[in-house]
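[1] Got a sequence here, can you build the structure:
(one chain, ligands or ions: 1)
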Amino acid sequence: MYVCVCSAVTERQIHQAAAQGARKLRDLRHSLGVTAECGRCARCAHDCLQSALGTTSRTDIGGLVAGMRSAFTAPLEA
Ligand code: FES
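    Below is the predicted model:
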C-alpha cells in the first residue's frame, strides 16, 4: 500500500527503513522523502513507522499535524 503518494513510498519501504534505524518521521523524510511535498501522509507514515517499531505512541506527531492543519483545510486552487 502506498503511504506517500507524492514520493511513491510504500508501507514496506517504511518497515525497511525502520529495520535500518529510522525512529522518527523526520528520518523517513530524509531517507524516503515522506512528507516532503504536500505532507498529507504524515499521520499514516507515523502510524506505519510506529507499527514497524512495535509502538503506538502518537505524541511526537501532534505538533507536526497541528502545523500542517492548513494544508488539510486549504481550498484547492482551480
Ligand atoms: S503524500 Fe506524502 S508528501 Fe504528499
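
[2] Write out the residues of this protein neighbouring the ligand.
    Within the chain, the residues that sit near the ligand (C-beta under 6 Å from any ligand atom) are Cys4, Val5, Cys6, Ser7, Val34, Thr35, Ala36, Glu37, Cys38, Gly39, Arg40, Cys41. Where C-beta positions appear, they are placed from N, C-alpha and C, glycine not excepted.

[3] so what's the second one up against?
    By that I understand Val5. Contacts for Val5 (C-beta atoms under 8 Å, 6 or more residues apart in numbering) come out as Cys41.

[4] swap in the fourth one?
    When contacts are counted by C-beta under 8 Å, 6+ apart, Ser7 is found next to Leu32, Gly33, Val34, Ala36, Glu37.

[5] Okay, and the last one sits in which element?
    Assessed by DSSP states H and E, Glu37 sits outside every helix and strand.

[6] The residue nearest to it when sequence neighbours are not counted in helix, strand or coil?
    Excluding its sequence neighbours, the residue lying closest to Glu37 (C-beta to C-beta, 6 or more residues apart in numbering) is Cys6, at 3.6 Å. What DSSP: H, G, I helix; E, B strand; the rest coil gives for Cys6 is coil.

[7] re the thing from before, of the contacts of Ser7, which is the most crowded?
    The most crowded member of the contacts of Ser7, judged by other C-beta atoms under 10 Å, is Val34 (29 neighbours).
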